[in-house]
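[1] Sequence plus predicted model, see below.
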Amino acid sequence: MDTLPEAVLIQILASIPAVELVLVCRLVCCQWKNLVDGAALWILKCQQEGFTGTEPKEEAENWQTFYFLSKRKRNLIKNPCGEEDLEHWGEVENGGDGWKIEDLPGDFGKEFPSDGVHKYFVTSYEWCRKSQVIDLRAEGYWEELLDTTQPKIVVKDWYAGRSDAGCLYQLHVKLLSEHEDVLAEYQSDTIAIPQDNAADWTELSHTFSNYGPGARFVRFEHGGQDTLFWKGWYGVRVTNSSCVYMCAAAHLSSLSYAEPGTSWFEVHSCTNP
């Protein structure tokens, strides 16, 4: 191995799981430690796993951190499409006949525009609302990241009406402190979908940025009703809700390590699995 060109050794190391690189390979010798601590290996792993599509290389200051944070980039909303009935959704307001889960496309509806979504939640003839509170620390985002780097928080929701009935829809999202003070808030207008609509699915999105220190929870609430007051489930349909933390590599140099030469993963892996 000592005679291998460095570029070839990086290619070999890039095939090893990231956790083993940091906790095992980094301890083998000085050369391997320097490679694991360097940028080239992590740039390659990011490229291999598709994490560099929109991130200019020259802006990245810590590719190892960027790699591990990109692995954490996931939808923090649980049960976004109703596959588990109303599991994980709290503070449910069941106006009219209450919430119901139906299979796509549903009566007078359309298929969802992307694969993998098979169900939706549907509202009734009085307001139905449901919410979910995301504990950011429990999801593995530590206080220094939340307060110093303040990654963008992107929330999205998809809604549609059925073509034979009008309906109303609303999205309301709050960033909350540890004591549930509101640090930032987004509330959509009450969106009215007329009767005899095309039943198309529409995405609503909002990005929180520069929201200040202290964010510890995200409260996501949405809901609606029909406008004809028909008994049953003729109100707005919602599905594929999401809340994703977007951490750019260019912002990661502000995150401190325990001591010089200590990797990001070693610092955060114990308390943030």
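    Thanks, I have the structure now.
[2] Pretty sure Ala160 sits against Lys110.
    Yes: judged on CB atoms under 8 Å, Ala160 makes contact with Lys110 at a distance of 7.0 Å. For the C-beta atoms, the positions are set from N, CA and C on the backbone; glycine is no exception.
[3] anything in contact with each of these two?
    Residues touching both Ala160 and Lys110 by CB atoms under 8 Å, 6 or more residues apart in numbering: Ala199, Asp200, Trp201.
[4] measure Asn94 to Gln225 for me?
    Taking CB to CB, to the nearest Å as the measure, Asn94 falls 11 Å from Gln225.
[5] between the two, what contacts are shared?
    In terms of CB under 8 Å, 6+ apart, Asn94 and Gln225 are both contacted by the residues Ser124, Cys128.
[6] okay, the two: which has more neighbours?
    Gln225 (22 against 16; other CB atoms under 10 Å).
[7] show me what contacts that one?
    By CB under 8 Å, 6+ apart, the contact set of Gln225 is Gly95, Gly96, Thr123, Ser124, Tyr125, Glu126, Trp127, Cys128, Cys167, Leu168, Gly235, Val236.
[8] Could you report the neighbour count for the second one?
    Spelled out, it's Gly96. 20.
[9] if I've got this straight, it is in a strand?
    No: assignment of Gly96 by DSSP: H, G, I helix; E, B strand; the rest coil gives coil, placing it outside any strand.
[10] out of everything not next to it in sequence, what's closest to the residue nearest the centre of the chain?
    For the chain, Val244 is the residue whose C-alpha lies nearest the centre (CA atoms, centre = their mean; 2.0 Å). Of all residues not flanking Val244 in the chain, Val154 sits nearest, at 5.0 Å (CB to CB, 6 or more residues apart in numbering).
[11] Quickly list what that neighbour is bridged to.
    Taking DSSP bridges as the rule, Val154 bridges to Thr207, Val244.
[12] Could you pull out the buried residues of the one helix or strand Arg129 maps to?
    Assessed by DSSP states H and E, Arg129 sits inside strand 128-135. The neighbour-count check on strand 128-135 (16 or more other CB atoms under 10 Å) flags Cys128, Arg129, Lys130, Ser131, Gln132, Ile134 as buried.
[13] Not counting its own residues, what contacts it?
    76-78, 86, 88-96, 98-99, 121, 176, 216-225, 235, 243.
[14] Tell me the most packed of the shared contacts of Ala160 and Lys110, by neighbour count.
    Within those, most neighbours by other CB under 10 Å means Trp201, with 23 neighbours.
[15] re earlier: thought the residue nearest to Val244 was touching Cys243?
    Yes: using CB under 8 Å, Val154 is in contact with Cys243, at 7.4 Å.
[16] Looking at those two, which is more packed in?
    Neighbours of Val154 and Cys243, each counted by other CB under 10 Å, are more numerous for Cys243; the result is 22 against 15.
[17] Quick check: chain neighbours aside, which residue is closest to that one?
    Closest to Cys243 by CB to CB, 6+ apart is Leu76, at 4.5 Å.
[18] and which of the buried residues of strand 128-135 is nearest to Trp42?
    Set against Trp42, the nearest of those by CB to CB is Ile134 (27.9 Å).
[19] any idea how far that closest one is from Gln225?
    From Ile134 to Gln225 the distance is 25 Å (CB to CB).
[20] related to what we said a few turns ago, Ala160 and Lys110 - which one has more neighbours?
    Just comparing Ala160 and Lys110: by other CB under 10 Å the higher neighbour count belongs to Ala160, 26 against 15.
[21] list the contacts for the more buried one?
    Ala160 touches Gly109, Lys110, Tyr120, Ile193, Ala199, Asp200, Trp201, Thr202, Val236, Arg237, counting by CB under 8 Å, 6+ apart.
[22] How about Thr239: what's its closest non-neighbour residue?
    Closest to Thr239 by CB to CB, 6+ apart is Tyr120, at 3.8 Å.
[23] Quick one: the strands in the stretch 1-150 of the chain, in order.
    90-94, 100-103, 119-122, 128-135 (DSSP state E, counting those that start in this stretch).
[24] okay, these in CSV with mean pLDDT and distance to Glu144 next?
    Output for the strands of the stretch 1-150 of the chain, formatted as CSV (pLDDT from 0 to 100; distance: least, CB to CB, whole Å):
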stretch, mean pLDDT, distance to Glu144
strand 90-94, 87, 29
strand 100-103, 98, 39
strand 119-122, 98, 36
strand 128-135, 97, 17
